[in-house]
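**Q** all I have is the shape, not the residue letters:
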């Protein structure tokens, strides 16, 4: 039986990787993948807790997160395509019209 | 059993006329508008006559219509009250009012806002009748303010003309000053009598125990009511609006500013006679103000050259007579003069309107003259009215003016000073009225005929206006009827008939009869004096303006400064402008506008806005459009929140 803390540490590492990638990467696709990484880091901790406490709520929450992530991926990718078509770049530093 | 007289119909009929013409008049023909405008006041007059026939025996009569205000123990209702006093006013207002409506159909025919004029005029009738018929001070106040509104609307009827618009405002504002006094008087009445009902107030007054306290209370109320009356009836010091009110159309001047509305103050004082009779000081002040106004306005009347301005000052002066009468306790004489004045001054204004009509809108008497042959009927009727106002027997004005002068001399509140000033005023009145008559109708026509006669200024579209011409029948018939009334209207005063008629209202004056018998000789002597001064005025005017027309210039020159002062109306308008208007304007400009509004209110708002803009100027740079910096902020924010939760321990 793997102790709970192992899962949580792995989950934290995954989440930290996601945050770091989200902050330092310039390619939108990579940023997008970093977000997925963060979500999955959180999912892992949900599942770990659920298994540890023998409670189903955490498992069900993971399904919710996956469904939302899937929807978000669909919408996000569509936006990325639209951005690429108009700007011909995926570098977020060049996609900066939304400012005062 | 008292018959139901349906008094409410009398004011409501003109209101219906005003509503119909006001809402539908714009699209209707002139004929339809004038039919409506004449039918409703005419019906009101007819109904008033019917009321007299059916209800005379059951006077005083009260008609209760509806609750109005019920607040604690205080009540005020929509209720009408009819006694001999309001009966006189009722007949004068509806009768003279109807005649002036008829006249106005002819006079205003060419005006583009024909329907608006009659709507206002009918509205005026409604409010005036409410004022006259009200059975409490509050309902009277509604009428009081309403006639003020109608007067404002009608003075500023030709509102495109700047002078007319400001004259309307002046009338309204000056009247507000008077109303302030009237209102405070009403508050005092409520405080002490818990009611504004005439009957209850007067009963309360009658039951007050005599003494210094009662007297000072009644004096205060009397003076405050008189301030209101001074505003409405154009007495010193609030008379200044009436001469300016001549900017309105002439039928308005006749109806509102001569025959009816301006007499409302006199009516109110007479109605409150119970209060005044027990407040000798207030009564004295009324007499003094009236006497001063009579003399003061009459002297100004001498120098005016605008035909309507002369009549305006004459009205102020005659109202002064009425005040004098009330002030010496001769209320019935005051009301008597009010009635005859309504006849002859209404007639004078209408005739003046006919003259103005004849010469195409010109109002300056120096450009008239010789109109006798062009407008014989106008001349005849105006001549009668002039004889009446000058106090030549047996015309109406003689009886009423003589009654006032005799009462001023003989009454217990009177004194020979009032009488003397009254007689001097009578002389001046006779002089300036005949001056008006001679300048207008005698000599040669001085108006330039080729010139474009007063187009536009009055909206009369007289095309190719050559020689002066007589007015149409619709204008002449009211003149003739009023002329007849100006001749015979005074006869009701013979043998104190009018006084006996009003005796149920004012009391019979038991002591009077004794003095009457003793003073008969004196009375005839005084009567002779006043007739003599009237004739003297006539002769002087004839000498100065008919036989030796170059003399007035010399007289004016020899009087020098004094003449200038009179010509400029004693600089009262200028004085008021300096003492009241200028400080007020400057105070509001410097303190209220530049000080309070600009510095406090505006600056508070502006500084708050400036501060908000400066803060947001700094903050907006965070909005760089750079996705990764946003992400960094989110992460940093999340880190802070998590750190807070970890260190502070949320939820534990």
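**A** Arrived safely. Remember, it's a predicted structure, so these values are computed and weren't measured experimentally.
**Q** pick out the residue of chain B closest to chain A.
**A** When scored by Cβ to the nearest Cβ, chain B has residue B:625 as its residue closest to chain A, at 2.9 Å. No exception for glycine: its C-beta is placed from N, CA and C like everyone else's.
**Q** now whichever strand or helix holds residue B:244, how far from the centre of its chain.
**A** Element membership for residue B:244, per DSSP states H and E: helix B:241-244. In this view, helix B:241-244 has its centroid 9 Å away from the chain centroid, taken as Cα atoms, centre = their mean, to the nearest Å.
**Q** for that helix, which outside residues touch it?
**A** B:155, B:166-167, B:170-171, B:173-175, B:234, B:257, B:262, B:309, B:312-313, B:315-316, B:569 (Cβ atoms under 8 Å, 6 or more residues apart in numbering or on different chains).
**Q** with stretch A:91-100 instead?
**A** Outside stretch A:91-100, the residues touching it (Cβ under 8 Å, 6+ apart) are A:26-28, A:31, A:83, A:87, A:89, B:620-621, B:623-628.
**Q** by neighbours, which of these wins?
**A** Neighbour counts for these (other Cβ atoms under 10 Å in any protein chain shown) peak at residue A:31, which has 22 neighbours.
**Q** re the thing from before, any buried residues in the helix holding residue B:244, and which?
**A** Buried positions in helix B:241-244, judged by neighbour count with 16 or more other Cβ atoms under 10 Å in any protein chain shown: B:241, B:242, B:243, B:244.
**Q** make TSV out of the residues you listed and add pLDDT.
**A** Shown next, in TSV, are the buried residues of helix B:241-244 (pLDDT from 0 to 100):
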residue	pLDDT
B:241	92
B:242	92
B:243	91
B:244	91
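**Q** now distance to residue B:73 too, for these, in CSV please.
**A** Formatted as CSV, the buried residues of helix B:241-244 follow (distance: Cβ to Cβ, whole Å):
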residue, distance to residue B:73
B:241, 38
B:242, 40
B:243, 45
B:244, 43
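**Q** quick one: which of those residues is nearest residue B:401?
**A** Nearest to residue B:401 among those is residue B:242, at 19.8 Å by Cβ to Cβ.
**Q** report the buried residues of the helix or strand harbouring residue B:42.
**A** Secondary structure assignment for residue B:42, by DSSP H and E: helix B:30-55. Of the residues in helix B:30-55, B:30, B:33-34, B:36-38, B:40-45, B:47-48, B:51, B:55 count as buried by neighbour count, 16+ other Cβ under 10 Å.
**Q** where does chain B have low pLDDT?
**A** Chain B contains residues with pLDDT under 70 at B:1-2, B:448-466, B:508-519, B:651-652.
**Q** select the longest strand from it.
**A** Criterion DSSP state E: the longest strand present in chain B is strand B:61-71.
**Q** in its sheet, what does it sit against?
**A** strand B:74-82 (antiparallel) (DSSP bridges).
**Q** please spell out which residues along the partner strand are buried.
**A** Result for strand B:74-82 [16+ other Cβ under 10 Å]: buried residues B:75, B:76, B:77, B:78, B:79, B:80, B:81, B:82.
**Q** now the helix or strand following that strand and strand B:61-71, what's the angle there?
**A** As assigned by DSSP H and E, the chain's next helix or strand after strand B:74-82 is helix B:84-107. Relative orientation of helix B:84-107 versus strand B:61-71 (axes from the mean of the first three to the mean of the last three Cα atoms, to 10 degrees): 90 degrees.
**Q** so which elements touch the following helix or strand past helix B:84-107?
**A** Following helix B:84-107 in sequence order, the next helix or strand is helix B:114-133 (DSSP H and E). On a contact count with 3 or more Cβ pairs under 8 Å, 6 or more residues apart in numbering or on different chains; DSSP states H and E, helix B:114-133 meets helix B:9-24, helix B:30-55, strand B:74-82, helix B:84-107, helix B:137-155, helix B:264-271.
**Q** circling back to that earlier point, filter the contacts of stretch A:91-100 down to just the ones in helices.
**A** Those of these mapping onto helices are A:28, A:31, A:83, A:87, B:627, B:628, per DSSP state H.
**Q** ok, which pair from the residues you listed is furthest apart?
**A** The span of the ones in helices among the contacts of stretch A:91-100, defined through Cβ to Cβ, is set by A:87 and B:628 at 16.0 Å.
**Q** mind listing what's buried along whatever helix or strand residue B:419 lives in?
**A** Following DSSP H and E, one finds residue B:419 within helix B:416-441. Neighbour-count burial for helix B:416-441, counted by 16+ other Cβ under 10 Å, picks out B:418-419, B:421-423, B:425-441.
**Q** can you spell out which helices and strands pack onto the following helix or strand past it?
**A** Per DSSP H and E, the first helix or strand lying C-terminal to helix B:416-441 is helix B:473-488. Packing partners of helix B:473-488 (3+ Cβ pairs under 8 Å, 6+ apart): helix B:84-107, helix B:331-358, helix B:376-390, helix B:396-410.
**Q** follow-up on the earlier one: will you turn the ones in helices among the contacts of stretch A:91-100 into TSV that also has distance to residue B:161?
**A** Below are these laid out as TSV (distance: Cβ to Cβ, whole Å):
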residue	distance to residue B:161
A:28	74
A:31	76
A:83	69
A:87	68
B:627	69
B:628	73
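**Q** closest to residue A:41 among the residues you listed?
**A** Distances from residue A:41 to those, taken by Cβ to Cβ, are shortest for residue A:31, at 15.5 Å.
**Q** list the contacts for that closest one?
**A** Under the criterion of Cβ under 8 Å, 6+ apart, the contact list for residue A:31 reads A:21, A:22, A:25, A:92, B:627, B:631.
**Q** now, the most widely separated pair of these?
**A** The span of the contacts of residue A:31, defined through Cβ to Cβ, is set by A:21 and B:627 at 13.4 Å.
**Q** which stretches of chain A have low pLDDT?
**A** Within chain A, the set of residues satisfying pLDDT under 70 comprises A:98-100.
**Q** could you pull out the helices in chain A for me?
**A** With DSSP H as the criterion, chain A has helices at A:4-24, A:28-53, A:57-87.
**Q** check those helices for me and report the most buried one.
**A** Highest mean neighbour count among the helices of chain A (mean count of other Cβ atoms under 10 Å in any protein chain shown): helix A:28-53, with a mean of 17.
**Q** chain center to that helix, what's the gap?
**A** Distance, centroid of helix A:28-53 to centroid of chain: 6 Å (Cα atoms, centre = their mean).
**Q** any idea of the angle that helix forms with helix A:4-24?
**A** Using the same axes, to 10 degrees: helix A:28-53 against helix A:4-24 is 160 degrees.
**Q** buried sites along stretch B:375-382?
**A** Of all the residues in stretch B:375-382, those buried under the rule 16+ other Cβ under 10 Å are B:375, B:377, B:378, B:379, B:380, B:381, B:382.
**Q** fine by me, we can end here.
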